[in-house]
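Asker: Show me how the following folds:
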Amino acid sequence: MTTAKPLAPQQALASLQIEAGLRVELAASEPRTASPVALAWDERGRMFVAENRGYPVGPGSNQPPAGIIAMLEDTNGDGTYDQRTEFATGLTFPNGLMCWRGGLIVTCAPDIFYLKDTDGDGRADVRRVLFTSFGTSSTTQLRVSHPTLGLDGYVHVTSGLVASKVTCPEHPGRGTIDLPRGDARFHPDTLEIEPWPGIGQFGLAFDDFGRKFICSNRNPLQHVVLHPRYLKRNPHLAFSDTVQDVAPPGDAAKVWPLSADHTTAAFMPSLMSTPHAGTFTSACGISLWRGGALPAAFANSAFICEPAQNLVQRQVLSPDGPTFKSAPATPGREFLASADTWFRPVFSATGPDGALYICDMYRKVIDHPQYLPEFIRGSLDYEAGKTMGRIYRVVPANLKSPIPNSKLNLAAASTKELVAKLNDANGWVRSTAFRVLTERGDKAATPFLEATIVKPGNSTPEARACALHLLQQPSSGSTLLPQLLHTALHDKSPAVREQGIALMESAKGMASLVDGFTMMTASDTSPRIRFLNALAIGQSENDGLAATNLALLALNVGSDRWSRAAVLISAGKRVDPFFKTYVELIPAAKNDARALMNDIGQLLASAHTSEQLRESLGLCLTRMKPGESRLQSAFATGLGNGARAKGLGKDGRSALVTVASANPDIARRLGELFAAASKTVATASAPTPERLAAVDLLAHSDFATAGASLQSLIAPQVPNELQAAAVRALSQLPGAQAGEWFVERERWRSYTPPVRDAVLTAMLSRPALQLALLGAVEQGVVQPWAVPANRRTPLLKHKDAAVAARATKAFQPQAAADRMKVYEEHKAVLALPANAKNGKAVFVKTCAACHQFAGEGARVGPELTGVRLQPAEAILLHILVPDAEIYPGFTAYEVETKDGRSLTGLLTSDTPTSVTLRAAQGVEETILRANVAKLTSSSTSLMPNELEKTMTRQELADLMAFLKGQ
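Answerer: Alright, predicted model coming up:
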């Protein structure tokens, strides 16, 4: 990966490039530390370091485990940690630690330990196993990690992307606790453990108000927005997300390294789907800047380590509805970077002195051998650097060094002094004071904490948030009184009001507060408060008032998906009175309400009978003003989608028309909406979003009403997005006319690849259209290779044996050996003179429906920008023999729905109530589990075989040149 020799600590320090206005100092290096991967400081200011010296595969079989927890101290106050004590040794792969009650909680799968020194010699003489059997079946990169105390008084850990079945040795009667692939939390005293939302890899941080952030290799920063328990309130709601990508993920997560490319994917064809140079490949060790020695301009910053590319990026967060978004602080230049390829930053944290500390594992090779190709795996030196390691400190360039911290000792602070420290400007000081107060559970803290809440002029929002949670903790011996909660709910700071809402939900006997507060703050200026209010209303015992409050909140949700989901989650059994009230209030809506109206329609359809749906449709069409036809159309579209999923269509009519038909007035009004939609579709000057909405509505009419207008959109002059939407709509109309029209010989030949793909998706998803497609294959209109092998299943496994036999004969799929023969026959194209510019056109035509390259195309299959560093033979193999290897995360799933549809795509979300599939062109569909008849994974790739038949050999050579960047 790199042949550079290691730099001495001072040389490595000199090689670092830091953001303007800052400087980097060496706080510790070998021999004081080696392979540092996590830091924690106790209340006396002593640094504890998790040294993962055994990574990646551990010592030989005859040697003891190499992991160490070291205690480092700055004995003379010069800013350098000059004294080392080995607090604990003989650990396998320690990767996280947290101070607690004079000791340390340490993650070291399969165990979480509690280590403590009781005799004052600096070495742990207590070693308790708090939990055991955390997953170790994957690599040492993927382990439980990052024990972090939350405002809830629980220790939160990341899962490392692995599932576990853990036990608590001190409580054997509790049995095995099932922890799925997601994160967990446990109480540090009672040792009660439970799954907790988020799927973090090696990074977890809370902001000052308890909001949880995580990361994984390709997802540099995520916010856990919603607990899955809320989704269970409304099983009819097709919504499955719980986490928001704050920073752009995947290939959009840009980095600007100084070092040469040596990422894993650059050399390994089988990791084509994983990170590539110039984007985050190993995001980890995140921290949020919560105040300290850095300038005020660093507020709202997140620091993200990227060891594979030898850098740390700073991103700046900003509100995005009830969640956040972020962007690099200095695009084109990283916060901290080095050309030294041994520089491996893996962890960041604020220290007692307010500086930002960075753990540099300092390794020649950071990758785990399991992720490397065999041809290079055995030639790398995984031992190089195991005795090295640096801990850097980042401070303002003009700050005198060292920052005084030698006298800090929060262990000696009184309870009153600790409460005062909750207002400190340094985030570490606040967190440590909070932890010590939690440990003490001192009732004497109660008056000071209450004063912090009721006298906001003398406290910060951060301190008031801490005080509220401390009073709520059972260990405090106090009770969060209703009047204190009332004060918090009316605090001038939205962040404090947020804590009040969270505590109001968990407190017993607070139903009256829920009703009164949510009604008063339905128009709160904070989107996050409105979001949390909507969720809190779900606990109200007053259905009528709850419906009114939800309708008031709904006036402000606009297009924000999280806010819409929160309203509809809590609507639940109150959805009818909520909808009736909302219809009356909708003229006062401050945002475009179409998205919400669509969601409401679909929700009602999922929950109600045909008669009830007709009443709701009539309410929408008769009570709303004529000028609100766009909202009426959105509602009718959503209702139609839900009704179709339930199979309510009868007598050759769509489900929506069937619902309306029993009432002539409603049927007439619906017909008027269809007519207006047809006019919009035919108006080329109409905005594309308006035409798309009209197409979606027309999908619920019939061929006589909408066929001609929808067919008019399928033409080369029309954007692919509109063509694809028209294809989907035509395929959903009752009858098989659309299917026969799709595969008329000249029309089939005229389709662009994205439109052709949309046609295949549409025809294969509906039984009536499947037969039309099969007939076209038999007649030679559609070539067998044009239907990818993985998408032929609805025909090859058709319930009618005669149809299945016809399909088997029509397709005659090639065996794998035949594909390898094709590959060998086409190797000669690699020697042809090629034109990369022409190759780009081939990519756009053939590949862009499912792949991105340099930001162009749809993200369904692997992103291809980084494949230029892979062997040409490997790239050609994956083009011609896509089933040679199906990458993790790109397995195709097939869903059969109860209304007879067959859907194929990537399973992008899987929750207790719904699943989401992503098909070609990035089109996603969420299906309620109640509507799923069968869900199976496919053994074949989503990428079609026989691509060589869609291009000449010269075009294939040009495509190769484009992908290789020649």
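
Asker: and the longest helix for the protein?
Answerer: helix 664-682 (DSSP state H).

Asker: which residues touch it?
Answerer: Residues from elsewhere that reach helix 664-682 (Cβ atoms under 8 Å, 6 or more residues apart in numbering): 614, 617-618, 621-622, 629, 632-633, 636, 656-657, 660-661, 686, 690-691, 693-695, 697-698, 701, 705-706, 709-710, 712-713. For every residue, glycine as well, the C-beta is placed using N, CA and C.

Asker: Keep only those of these that are in helices.
Answerer: 614, 617-618, 621-622, 629, 632-633, 636, 656-657, 660-661, 690-691, 693-695, 697-698, 705-706, 709-710.

Asker: What are the phi and psi values at residue 114?
Answerer: Dihedral pair for residue 114: phi -120, psi 120, per degrees, to the nearest 10.

Asker: shouldn't it be in contact with residue 100?
Answerer: Yes: using Cβ atoms under 8 Å, residue 114 is in contact with residue 100, at 7.3 Å.

Asker: re earlier: now the ones in helices among the contacts of helix 664-682: which count as buried?
Answerer: Among those, those buried by neighbour count (16 or more other Cβ atoms under 10 Å) are 614, 617-618, 621, 632-633, 636, 656-657, 660-661, 691, 693-695, 697-698, 705-706, 709-710.

Asker: all helices of the stretch 301-450 of the chain, in order?
Answerer: 374-377, 415-421, 427-440, 446-454 (DSSP state H, counting those that start in this stretch).

Asker: Which secondary structure elements does the last one sit against?
Answerer: Spelled out, it's helix 446-454. helix 415-421, helix 461-472, helix 482-489 (3 or more Cβ pairs under 8 Å, 6 or more residues apart in numbering; DSSP states H and E).

Asker: Burial-wise, tell me which of those comes out on top.
Answerer: A comparison of the helices and strands packed on helix 446-454 by mean neighbour count, using mean count of other Cβ atoms under 10 Å, puts helix 461-472 on top with a mean of 25.

Asker: Compute the inter-axis angle for it and helix 482-489.
Answerer: 150 degrees (axes from the mean of the first three to the mean of the last three Cα atoms, to 10 degrees).

Asker: how far is helix 461-472 from where the chain is centred?
Answerer: Mean-position distance between helix 461-472 and its chain equals 29 Å (Cα atoms, centre = their mean, to the nearest Å).

Asker: That helix vs helix 446-454, what angle?
Answerer: Going by the same axes, to 10 degrees, helix 461-472 makes 140 degrees with helix 446-454.

Asker: I figured residue 960 hits residue 828, correct?
Answerer: No: between residue 960 and residue 828 there is no contact under Cβ under 8 Å: 11.7 Å.

Asker: More neighbours: these two, which one.
Answerer: residue 960 (21 against 10; other Cβ atoms under 10 Å).

Asker: Doesn't the more buried one lie inside a strand?
Answerer: No: assigned with DSSP: H, G, I helix; E, B strand; the rest coil, residue 960 falls outside any strand and is helix.

Asker: Now residue 84. Its backbone dihedrals?
Answerer: phi -120, psi 130.

Asker: okay, which residue of this protein is out on the far edge from center?
Answerer: What lies farthest from the middle of the chain is residue 664; by Cα atoms, centre = their mean that is 46.8 Å.

Asker: Can you check what pLDDT the model gives that one?
Answerer: In this prediction, residue 664 carries a pLDDT score of 96.

Asker: just the strands in the stretch 51-200 of the chain please.
Answerer: With DSSP state E, counting those that start in this stretch, the ranges of strands along the stretch 51-200 of the chain come out as 67-73, 83-91, 96-100, 103-108, 111-116, 126-131, 145-149, 155-158, 164-166, 177-179, 183-186, 193-196.

Asker: could you dump these to TSV with distance to residue 604, mean pLDDT and mean neighbour count?
Answerer: Shown next, in TSV, are the strands of the stretch 51-200 of the chain (distance: least, Cβ to Cβ, whole Å; pLDDT from 0 to 100; neighbours: other Cβ atoms under 10 Å):
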stretch	distance to residue 604	mean pLDDT	mean neighbour count
strand 67-73	57	97	22
strand 83-91	56	97	17
strand 96-100	47	98	23
strand 103-108	47	98	26
strand 111-116	47	98	22
strand 126-131	45	98	18
strand 145-149	42	98	25
strand 155-158	38	98	26
strand 164-166	40	97	20
strand 177-179	35	96	18
strand 183-186	35	98	23
strand 193-196	32	97	19
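
Asker: In JSON lines, list the ones you listed along with distance to residue 895.
Answerer: Listed next are the strands of the stretch 51-200 of the chain as JSON lines, based on distance: least, Cβ to Cβ, whole Å:
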{"stretch": "strand 67-73", "distance to residue 895": "45"}
{"stretch": "strand 83-91", "distance to residue 895": "45"}
{"stretch": "strand 96-100", "distance to residue 895": "38"}
{"stretch": "strand 103-108", "distance to residue 895": "37"}
{"stretch": "strand 111-116", "distance to residue 895": "38"}
{"stretch": "strand 126-131", "distance to residue 895": "37"}
{"stretch": "strand 145-149", "distance to residue 895": "34"}
{"stretch": "strand 155-158", "distance to residue 895": "30"}
{"stretch": "strand 164-166", "distance to residue 895": "28"}
{"stretch": "strand 177-179", "distance to residue 895": "26"}
{"stretch": "strand 183-186", "distance to residue 895": "28"}
{"stretch": "strand 193-196", "distance to residue 895": "25"}
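
Asker: To residue 566, which of those lies closest?
Answerer: Checking these against residue 566 by Cβ to Cβ gives strand 193-196 as the closest, at 19.3 Å.

Asker: where are the low-confidence patches of the stretch 751-900 of the chain?
Answerer: 813-817, 866, 868-869, 884-889, 891 (pLDDT under 70).

Asker: And the helices in it?
Answerer: Going by DSSP H, counting those that start in this stretch, the stretch 751-900 of the chain shows helices at 753-765, 767-778, 793-796, 801-811, 816-826, 836-846, 872-880.

Asker: The longest one - contacts with which helices or strands?
Answerer: Going back to what we said before, that points to helix 753-765. Against helix 753-765 (3+ Cβ pairs under 8 Å, 6+ apart) you get helix 720-732, helix 737-742, helix 767-778, helix 793-796, strand 902-910.

Asker: Please repeat the previous calculation with a cut-off of 7 Å.
Answerer: For helix 753-765, the elements it packs on are helix 720-732, helix 737-742, helix 767-778, strand 902-910, judged by 3 or more Cβ pairs under 7 Å, 6 or more residues apart in numbering; DSSP states H and E.

Asker: Contacts only, for residue 342.
Answerer: 4, 6-7, 362-364, 385 (Cβ atoms under 7 Å, 6 or more residues apart in numbering).

Asker: Can you go through those and name the buried ones?
Answerer: Buried residues within these, counting neighbours by 16+ other Cβ under 10 Å: 6-7, 362-364, 385.

Asker: now the residues you listed in TSV, with pLDDT and distance to residue 139?
Answerer: Formatted as TSV, the buried ones among the contacts of residue 342 follow (pLDDT from 0 to 100; distance: Cβ to Cβ, whole Å):
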residue	pLDDT	distance to residue 139
6	96	24
7	96	28
362	97	20
363	96	15
364	93	18
385	90	18
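
Asker: of those residues, closest to residue 924?
Answerer: Using Cβ to Cβ, the buried ones among the contacts of residue 342 come closest to residue 924 at residue 363, 39.2 Å.

Asker: what's the nearest residue to that closest one if we skip its chain neighbours?
Answerer: For residue 363, ignoring the flanking residues on the chain, the nearest one in space by Cβ to Cβ, 6 or more residues apart in numbering is residue 385 at 3.9 Å.
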